[in-house]
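*Asks:* here is the input, now give the coordinates:
(2 chains)
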Amino acid sequence: MAEVGELQRQLLAFQNPDGGWPFLKGSSWTEPTALALLALRLHDQSLSIRQAAASWLERRQNTDGGWRPNDAVPTSTWVTSLAILALPNASKLAGTWLAAHVFKKDGSSPWLPGTAGWVTPTATSILALSRLDSARFASQIELSRKFLLSRRCRDGGWNHGGSSFRSEDANSYPETTGLALLSLAGVPSEQLTAAFRLSDDFLKNPGSTEGLSWLQMGLIAQGRKPDNPQLSFRPRTVRDISLRLLALAALDGRTL
Amino acid sequence: MNRRYFFLGCLSGSLGLAAGCSRRVGTRTAQVSIVRAASYSVDLAGIMRRILTEHRVAVSGKNVLLKPNLVEFDPLAPINTNPVFVAAAVEAFRSLGARSVRIAEGPGHRRTTLDMAEAAGFFAAIPKFEDNFTDLNIDDVTRVKLSSPFSKLSELYLPNTALACDLLVTLPKMKTHHWAGATLSMKNLFGLVPGSVYGWPKNPLHWAGIDECIADLYYLFPKQFCLVDGIDAMEGNGPILGTRKHAGVVVGGPHPASVDATCCRIMRINPNKVRYLGLVADRSSWNLNGTQQLGEHIDSVATRFALHPDLKHLRLD
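*Replies:* Just a heads-up that it's a prediction; the model follows:
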């Protein structure tokens, strides 16, 4: 597929000599590196490139089991979930770190330890814990799914997931709605009817590569067949390119 | 210009107040300009040049970073600094001899920064926008220690693009804020904090105290100038869910707290009850009620902004 080839070419052009990826330019970060590695693996890109990326990622794991977002920021954060998804041999310690940062009171996960839980880190935590050991982490996964279902906007989708206090009329975003649907695979579809309807509307104008890609991946995970509209915008960052490649793989039957 | 020379230059400014030098005001009063602007089709670049000249801001040879407010895009709501306003600022600073003029922002809720900017009209209004824009959410960062913070934070990671500029120009939209009362020059600095470290929203700032973090950020960036987009503003449940309020003004000055206090009075919000302004006043010799207005008088442009029902106690009258 020509689009895949062009996206791969763009992605490789962004790779830093150390094997990792920047968001756009500059030093390598865990998040874009993990997403790029995932995308390249699903498209069977050159083993040596993937090994360099995996090696970069493995070296960023902290002794507590979590991953730092960047060499300038030593604290383990939510990006641990992405590293787990990208590294097939992620350790049990990584899962332990991630599960320990699922709040017992409501099942949410924070961006940064010590703060509140939000939709995106909760959704990626569900995906990573499911990948690692869905039986071992069943209680955390179940609780986290309940959190996501409780943080829906009035329109049935998801935004960043803040409290509705003083924000009762806040709208959903395409990207967080798609990601939430992806992490809610297996939830009975009758609970998600409004989200499906909203996603179909969003697909007519997703507003961004990221929005389109997460929506497609989310709907496919829910057993639906989303449209693949002609892009009216172009991927702008390493995240955009990687997410687009992941969505194209999902449309072709290969998922995270 | 090195840092010492910069501060000496500031002291020679009018009333001893630092033009483009906002931290630790040396006197009790600051000057703030209020200029009428009926719409975005007036000569905004000319207005901005006049304000900058009035405040004797040294622009020539400087690396200027413009920080508009870009949060979310809704074609029906004035959430963001109008792109025409930002384009005028680019023109004004370039015409005054800035070495470089970049635009930068790190939206607090969504990660699709450039896509939002395109939808909001920034690409159409500003030539080569993408080449001159830095998404502060994904910039490389440096850890900065807070020497005597108001908040619970002891350090912040901040984007290198913001730390490296010679002059940070905040271009906020005049809006009510359902937590802080008003979001203006100082609150606009939240967009400097990188989501790549702190998330979307930048929740650690909320946990550490919104008002306190606003004050901390204010002290971290000593070289600022403010130009507030108060032409089509937002009232009610701001900063996202409020409604359009035409105020028809551009407000500018080198001291963000004084600029914000002036904007509050224009919005008929009592600045003495806005907590982050009080924090700055308590720590410095700045007189919250001592601002010297240039241009229009506040009373001639003041217009009562609707406030969230929970914030009625902030009313000026």
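
*Asks:* can you name the residue of chain B nearest chain A?
*Replies:* Closest contact between chain B and chain A, by CB to the nearest CB, is at B:Gly199 (2.6 Å). C-beta here means a position set from N, CA and C on the backbone, and glycine is covered the same way.

*Asks:* distance check, that residue against A:Lys204.
*Replies:* 29 Å (CB to CB, to the nearest Å).

*Asks:* hmm, back to that, the residue of chain B closest to chain A: what's it in contact with?
*Replies:* A:Trp78, A:Pro110, A:Trp111, A:Leu112, A:Thr115, A:Trp118, A:Thr120, A:Pro121 (CB atoms under 8 Å, 6 or more residues apart in numbering or on different chains).

*Asks:* of all the residues you listed, which comes closest to chain B?
*Replies:* Within these, the smallest distance to chain B is 2.6 Å, found for A:Trp111 (CB to the nearest CB).

*Asks:* which residue ranges of the stretch 51-200 of chain A form helices?
*Replies:* A:79-86, A:92-100, A:119-133, A:138-150, A:174-183, A:193-204 (DSSP state H, counting those that start in this stretch).

*Asks:* tell me which residue is most central in the chain.
*Replies:* No chain in the question, so chain A it is. Residue closest to the mean C-alpha point of chain A, counted by CA atoms, centre = their mean, is A:Thr124 at 5.2 Å.

*Asks:* can you look at chain B instead?
*Replies:* Nearest to chain B centroid, counting by CA atoms, centre = their mean: B:Ser185, 2.5 Å.

*Asks:* that one: which element?
*Replies:* Under DSSP states H and E, no helix or strand contains B:Ser185.

*Asks:* show me what contacts it?
*Replies:* Here B:Ser185 is in contact with B:Thr170, B:Pro172, B:Gln224, B:Cys226, B:Val228, B:Pro256, B:Val259, B:Asp260, B:Cys263 (CB under 8 Å, 6+ apart).

*Asks:* adding neighbour count, distance to chain A and pLDDT, write the residues you listed out as TSV.
*Replies:* Formatted as TSV, these follow (neighbours: other CB atoms under 10 Å in any protein chain shown; distance: CB to the nearest CB, whole Å; pLDDT from 0 to 100):
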residue	neighbour count	distance to chain A	pLDDT
B:Thr170	28	23	98
B:Pro172	30	20	98
B:Gln224	25	24	97
B:Cys226	30	26	98
B:Val228	31	23	98
B:Pro256	30	25	97
B:Val259	30	26	98
B:Asp260	35	21	98
B:Cys263	29	21	98
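
*Asks:* just flag the most distant two among those.
*Replies:* B:Gln224 and B:Cys263 (14.9 Å; CB to CB).

*Asks:* which non-adjacent residue is nearest A:Leu12?
*Replies:* A:Ile49 (6.8 Å; CB to CB, 6 or more residues apart in numbering or on different chains).

*Asks:* can you report phi and psi for the one you found?
*Replies:* phi -70, psi -40 (degrees, to the nearest 10).

*Asks:* wait, it touches A:Ala13, no?
*Replies:* No - under the criterion of CB atoms under 8 Å, A:Ile49 makes no contact with A:Ala13, lying 11.9 Å away.

*Asks:* and the two? which has more neighbours close in?
*Replies:* A:Ile49 (17 against 8; other CB atoms under 10 Å in any protein chain shown).

*Asks:* for the more buried one, give me its contacts.
*Replies:* A:Leu12, A:Gln15, A:Leu40 are the contacts of A:Ile49 under CB under 8 Å, 6+ apart.
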